[in-house]
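Asker: Turn this into a model:
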Amino acid sequence: MSTAAAPQLIEQLQHILQATEQPLAMRAIITQIRRLYPRGTRKAPLPPPPADDAIQAAIAAEVAAKRAFEYPGTAASGPRYSAKQPPSIESVIEARVQDRLAAATADPITPAQLGKPGAREGRPAMDAFNAVLKRLLDGKQLFLVGRDRYSKNAPPAPVWYTTSPNKAEFDKIVRAIERLKTLNISASDILAAVQLKLGVTAAPSAAPSAPSAPTAAPSGAAAAKPAAAPAATTATAPASSAPSKPLPALLKEAYDHLCLFVEFRHKLVHLYRLYHEAKKRYPALTVEDFHNTLWNMSQNREIELRVLNEVHKAEQRELAIYRDHTLYYYVQWI
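Answerer: Model (predicted):
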């Protein structure tokens, strides 16, 4: 091949590589270059196509100059070539994870569902996957909701008594209450005594003793003592903020009422529905007391708390119980 033909071959080679979307095997490139040289006749001969060796040498020169790039091929076809630089393993893995994440409907999502590389793809692919995962977590596009479990939705904030350092101290209190319950002291009486000791509310027994003061003395003067009225007022004030019955019994009453409706015929009730129904009976009910009472009842096997796996579908999630990366969303009395 003459030196004058070399630039023409390089130009033809670049035109072929740039015109195709997919990398081409060496045999396919040689075939396309030969098609550029029609056959002549004896009377009108035409230049012959370049030799295979010349085409292979031109491709090698283009790869060395980084104007063409080599791609892995099969044992039969050998390497493939393109004018486009092959994507890095990082960009391939990131595109795969983003596609899987956009298409994911399950919650939580496993690493396999995100396109975690297998052993055959090698350590670089696994390192790239971990780097992509970290970027998604740092950018709040993905949230860790359990061991090797992820969600596209942020989990609700944990309750104060489920996180350190509060959890250890709160668990001590719960264990102490459990020991007192073995002495036939109800949980509601224990909590009332604790509130009294802390000065949060008056003793529950203070209210009934107040009305006995006017009836104790038969004389009108004794009944008209100025101190009697204030004493009754002071004693009865806390009673209005206390439930009419122990909180577990009140929650059971609200639960039984909801189970009368067709939607709860299977006895599985949403926690937020139970809370609102119980609050009608006890307006002072707090979410914290609601959660604590249900959790203690579940530990005592009085009720069963059920989990919602598709967290993004939860309504009024703040009224559900979130513990140990698990959202307890339903309740059923045992």
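Asker: domain assignment for this protein?
Answerer: What automatic domain parsing lists as the domains of the chain is 5-82, 89-151, 161-201+242-333, 209-241.
Asker: dump the residue contacts of residue 128.
Answerer: Residues near residue 128 by CB atoms under 8 Å, 6 or more residues apart in numbering: 89-90, 92-94, 117. All C-beta atoms are positioned from the backbone trio N, CA, C, and that covers glycine.
Asker: Neighbour-wise, which one of those leads?
Answerer: Across these, neighbour numbers were computed from other CB atoms under 10 Å; residue 93 holds the maximum, 25 neighbours.
Asker: Which element, helix or strand, includes that residue?
Answerer: Using DSSP states H and E, residue 93 sits within helix 89-103.
Asker: Report the mean per-residue pLDDT for that helix.
Answerer: The average pLDDT within helix 89-103 is 89.
Asker: Could you name the helices and strands sitting against it?
Answerer: Contact here means 3 or more CB pairs under 8 Å, 6 or more residues apart in numbering; DSSP states H and E; on that basis helix 89-103 packs against helix 123-138.
Asker: Just the buried positions in the next helix or strand after the helix it packs on, please.
Answerer: Using DSSP H and E, the helix or strand that follows helix 123-138 towards the C-terminus is strand 143-146. For strand 143-146, the neighbour count (16 or more other CB atoms under 10 Å) marks 143, 145 as buried.
Asker: what's in contact with strand 143-146?
Answerer: With CB under 8 Å, 6+ apart, strand 143-146 has contacts from 108, 137, 150-155, 311, 325-326.
Asker: likewise stretch 103-116?
Answerer: The contact list for stretch 103-116 (CB under 8 Å, 6+ apart) reads 93, 96-97, 99-101, 126, 129, 133, 142, 145-146, 148-153, 309-312.
Asker: one more time with 6 Å
Answerer: Outside stretch 103-116, the residues that touch it by CB atoms under 6 Å, 6 or more residues apart in numbering are 96-97, 100, 129, 145, 148-151, 310-312.
Asker: Can you tell me which residue is spatially central in this structure?
Answerer: residue 151 (3.0 Å; CA atoms, centre = their mean).
Asker: would a markdown table of the contacts of residue 128 with distance to residue 167 be doable?
Answerer: Below are the contacts of residue 128 laid out as a markdown table (distance: CB to CB, whole Å):
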| residue | distance to residue 167 |
| --- | --- |
| 89 | 42 |
| 90 | 40 |
| 92 | 43 |
| 93 | 38 |
| 94 | 37 |
| 117 | 37 |
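Asker: Next one: residue 10 from residue 70, what distance?
Answerer: Residue 10 sits 17 Å away from residue 70 when distances are taken as CB to CB, to the nearest Å.
Asker: what does residue 254 give?
Answerer: Distance, residue 254 to residue 70, by CB to CB: 72 Å.
Asker: what's the answer for residue 22, then?
Answerer: In terms of CB to CB, residue 22 sits 14 Å off from residue 70.
Asker: what ranges do the helices span in this protein?
Answerer: 5-19, 26-34, 52-64, 89-103, 123-138, 166-181, 187-198, 206-209, 212-216, 220-223, 228-236, 247-258, 271-281, 287-299 (DSSP state H).
Asker: contacts for the last one?
Answerer: Read it as helix 287-299. Here helix 287-299 makes contact (CB under 6 Å, 6+ apart) with 247-248, 275, 303, 305, 321.
Asker: For that helix, buried residues please.
Answerer: The neighbour-count check on helix 287-299 (16+ other CB under 10 Å) flags 290-298 as buried.
Asker: Let's see it as CSV, backbone CA atoms only.
Answerer: Listed next in CSV are the C-alpha coordinates belonging to helix 287-299 (Å, rounded to 0.1, in the frame of the first residue of the first chain):
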residue,chain,number,x,y,z
VAL,A,287,-49.6,10.2,71.5
GLU,A,288,-46.8,9.3,73.9
ASP,A,289,-49.2,7.7,76.4
PHE,A,290,-51.1,6.0,73.6
HIS,A,291,-47.9,4.5,72.3
ASN,A,292,-46.5,3.5,75.7
THR,A,293,-49.8,1.8,76.7
LEU,A,294,-50.1,-0.2,73.4
TRP,A,295,-46.4,-1.2,73.5
ASN,A,296,-46.7,-2.5,77.1
MET,A,297,-49.9,-4.4,76.3
SER,A,298,-48.1,-6.0,73.3
GLN,A,299,-45.2,-7.0,75.6
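Asker: Thanks again, I'm all set now.
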